[in-house]
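**Q** The following comprises the amino acid sequence and a computationally predicted model.
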Amino acid sequence: MNVRVDLRLTGRSRDGQDGQDGQAMADAGPRAWPQPVWTELSRLGRPRLRSLVECCVDTMTTAPDNVDLQTRQIKIMAELFQQAGQTAALDRMLLQECLNRLAAAMQNHQQTAELHAQSCCALHVMASTLGASLTGLHFGDVVSQVVEAMETEYPSYVQRWSARALSKLSPMLDPAARERAEGALRQLTAPMPVAFQSLQRALSSQGLRAPPWSVAPRTRRSPEPPSPSGLQSHQPDLQPRRDGRRNSIAASVGRLLGLRLQDAPEGIQVCLACNKIFEGLTSTRSEVSAEWLTTIRQICDEAQQDSQQSDVWKMSVFGLMPAEAIKHFLLRDDHKRWKIIEAHTEHFLDLLDEPGTRVALPTAPPPDTSERVTPPFSHPHPDPDRKWRSLRPVVLDQSIREPATNTPFGHTGYMKYLTLRIIRKMKFNDIAITGQYYGEKYTPETQVLEWIKYMDQTKWERDRNGELVEDPMRGLVAMFAPGEHDRKAGIQSIKDFKIPNAFLDLAFKASVRFKDADFVKSVIDAVEELDEIYSGWGWQAEWRSEDAHINNKFARGEISINLVDLMEYLNLRGDGTMEKQKMEDVEKAFQTWKENEAFQRRVVAILVEEGRGVADYEDYGMLVSWIRGSFPVTDKYRILVHAHAGTNNHQDVASLKAVKHGANGIWAALIPQAAQAGHNSSLVFLDYLLHHGNEHVLSDFWLYQALECARHIYYLNFNTHDIPDDCPIWGERVSKETHSAFNVLQGETWRRRTADYYDYWGAEAKKEINELPEKVRDVPSEGEGRGRYRISPLVSDTQTWVNRMVEAKAVAPDETVNDYVDMVKALGFALMNAGIRVNLNREESLKKLVDIAREAQRNRQRTRCNCRRYDAHERNERMSREGGCTCLSPSYLKAEQHQGSCE
């Protein structure tokens, strides 16, 4: 006999309880709770019914790991229980075996919400139809699993079916099982749906009274991910220690919020707590808001205790702010807009997995461009007859890092993680992930590394081909300076997170100003230390030296040297000449480096930049030609450039000029917004190469959705869906035709473009994407006022904060800005570390932070730290003699290492 169970998803339970449950289910979306509709199993005879139940039990026993089969058998079992109630055909031994199989299935498949819902549905039917015949059976195991489903952050329909099952089973439970059900009811959040009210009444009838509820279901448990193949990391486990205050605050806060925080790093614990509080403040009735404020106060009391040993919690919003201020920033329009953008980006990432299979994609550059650009005769390519189109462009992506230097909202760790996911979808394999320029202070630059590992544990990532990704750090690069003190944080992050590659930011001028930063020795020392680490992990020299490997293999154990201020140090002139003595000193340094064995094994790229936008494109061409003399192509060294925008807008031309003079590519972000006026864009660079016939752009990078990828990276960084009009590829104005004469895809045939390579989507996906910006416009946005100073909170130096606070009149006329600036900066970093988006350049935001700092100063007087009297490179040594730096806020040391301290 063929058995078919029709499992419909409706809004009415079999016991007729709709009301609040029905409304809640409508809010839950298309997957509400399962509703069995009895079809072809009616009126089975007793022998046949028993045989079918035994068949279900046997099938579940023989294939415990097959989740689909288990779910199907549970559906059938629920139907059979209905018939068993009518015929009394099942003996107690078989019923006990059914309970055992249901418990085992729920235990083995804790991540499958559908199976848990079907199991609870089956138990509900079993208890409803068989009633007193179940008394005396052992329910302990199955009740444990049902309670687990109630306490876990499953979809709401699972929790409701769990409550229904327990309410029906309660008369048959022993006291211990009823106690567990009572404990589950404690975890629920008001308002209580009908199913939970039924459970409360059922427990009350058994002599138990569930106390008032105050916290939410906890996060779903995740299985341990498989260990990556190959050599395992020597890094310590990211999970918090199991002893002391670090664990106790996670446990106590977790109990308050209904979250299991102990499995997350401390910085992410703070983020998860803020997310849960935001959900509570925005999704509950107004009278519940006071209860959430009480919860925030309790967390603040925990974090602010003198005995608190966790520096991360101490320096978090809970450790530095009063509860009312945390609520204020969580409910600001800035943060509400961010939560919409965050959700939209997560949906956009899902869409990115699909469109390439639904539309025809071009696989080659325009056919009329193959011979357009020929490199000059002196181009140092091993084969002088090859055309520029044959060169393989190299991009060291900076999209996770560079926009932080321009946005007034700063960065958060999770925002960086979402950006990384977009960049990975575009097949950029070399990605700068963290800038360790903050000493020992905790910042989003470290938190993003924690998010990568944490998300890899809880949600396994798959690549475009559906393959499980084994190494979440593949191809990533850590950036830091090579000086003895400057590299400590960077080296530690590489050890802790097993970051496979390093980027050493060398500032020549700082090396001259400060005795402890010899630019020859510091590079060799840093390279040798990194070589020892990488060799210890079994990573030998595996250069991707052949062109075919550059963009198709993930780097491991590679080091790049960035010559931060080489142009300035050499005093490069417009005619290509330099100061002779300095030029000779640098050439000697190059030679010394190249003679070092560790340098030979590890260093694969020489990078250059000019940070203020005063170099023109010719300067980059001349400098690259000179560097090639010391690092020739035949030695397998790559050269990459990074150009900042100035008044001449030469930054993108500089990329092309550098390539013509021997560079392999650029290190840059996808979007140009960064630093003072912007920088070169990798998308503009690749677009130029593509439309001049480069044959590798489309095969090495996935650019078919680049337009929307760039826009979403902009949304993330600048907390808005208002796209700048003039961005050359993805700008709002560029995409809207004002006259047919401007159309490059039709009309005039000279260099007509045959396709728009960067916006390939299926019709439905494109419609969804176009609708996303409309949804955020309900949240108002405040404009920026004019001024001389602009805070980019992750990187702005203390003096810029001071100047902007004065300009915004954030302090009273009789107050001194320097009394508050350290605390205000620390509060800004605390907000970023908590994942709370705030425009920290806005006058209102600065005044609110000053109010908090002023109150903190009244409650606990702090002596201003003297560290700002000393330059960056001597600060550590000087302050160690005075008992150490006591600043609360991190300082971005890279700019000081380059330009010297302005403080």
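**A** Nice, I can see it.

**Q** List the neighbouring strands of the strand ranked longest in the chain plus their orientation.
**A** Longest strand of the chain, by residue count under DSSP state E: strand 603-610. Paired strands of strand 603-610, with direction, are strand 559-563 (parallel), strand 638-643 (parallel) (DSSP bridges).

**Q** How about the helix or strand just after that strand, which residues are buried there?
**A** Scanning forward in sequence from strand 603-610 by DSSP states H and E, the next helix or strand is helix 617-630. For helix 617-630, burial by neighbour count (16 or more other CB atoms under 10 Å) applies to 617-628, 630. To be clear about C-beta, it is placed using only N, CA and C from the backbone, and glycine gets the same treatment.

**Q** what do you get for stretch 806-826?
**A** Using 16+ other CB under 10 Å as the test for burial, stretch 806-826 gives Glu807, Ala808, Ala810, Val811, Val817, Tyr820, Val821, Asp822, Met823, Val824, Lys825, Ala826.

**Q** Contacts for that stretch next, please.
**A** For stretch 806-826, the external contacting residues (CB atoms under 8 Å, 6 or more residues apart in numbering) are 315, 320, 787-789, 793, 798, 801-802, 805, 843, 846-847, 849-850, 852-854, 856-857, 862, 864-865, 887-890.

**Q** Ok, stretch 311-327 next?
**A** Contacts to stretch 311-327, defined as CB under 8 Å, 6+ apart, come from residues 249, 266-267, 269-270, 273-274, 277, 281, 292-293, 296-297, 299-300, 302-304, 308, 329, 442, 823, 826-827, 829-831, 833-834, 836, 848, 852, 855-856, 888.

**Q** Now with 6 Å, please.
**A** Contact with stretch 311-327 is made by 249, 266-267, 270, 293, 296-297, 299-300, 303-304, 308, 442, 827, 830, 834, 852, as judged by CB atoms under 6 Å, 6 or more residues apart in numbering.

**Q** Out of these, list just those in helices.
**A** 249, 266-267, 270, 293, 296-297, 299-300, 303-304, 827, 830, 852 (DSSP state H).

**Q** Just the buried ones among those, please.
**A** Buried by 16+ other CB under 10 Å: 249, 266-267, 270, 293, 296-297, 299-300, 303-304, 827, 830, 852, out of these.

**Q** Report the secondary structure element holding Phe503.
**A** Using DSSP H and E, Phe503 falls within strand 501-506.

**Q** quick one: average pLDDT of that strand?
**A** Here strand 501-506 scores 96 as its mean pLDDT.

**Q** other SSEs contacting that strand?
**A** For strand 501-506, the packing partners by 3 or more CB pairs under 6 Å, 6 or more residues apart in numbering; DSSP states H and E come out as strand 476-480, helix 519-536, strand 559-563.

**Q** and Gln111, how many neighbours?
**A** Neighbour count for Gln111, taken as other CB atoms under 10 Å: 13.

**Q** What confidence value was assigned to it?
**A** Looking at Gln111, its pLDDT reads 79.

**Q** what does Thr87 give?
**A** The model reports Thr87 with a pLDDT of 55.

**Q** go on, Ser248?
**A** 65.

**Q** 182 is where my numbering starts, stick with that
**A** With 182 as the first residue, the last one maps to Ser429.

**Q** what's the residue nearest to His825 when sequence neighbours are not counted sitting at in phi/psi?
**A** The spatially closest residue to His825, leaving aside those adjacent along the chain, is Gly794, at 4.3 Å (CB to CB, 6 or more residues apart in numbering). Per-residue torsions, Gly794: phi 80, psi 20 (degrees, to the nearest 10).

**Q** Gly943 now?
**A** Torsion angles, degrees, to the nearest 10, at Gly943: phi -70, psi 160.
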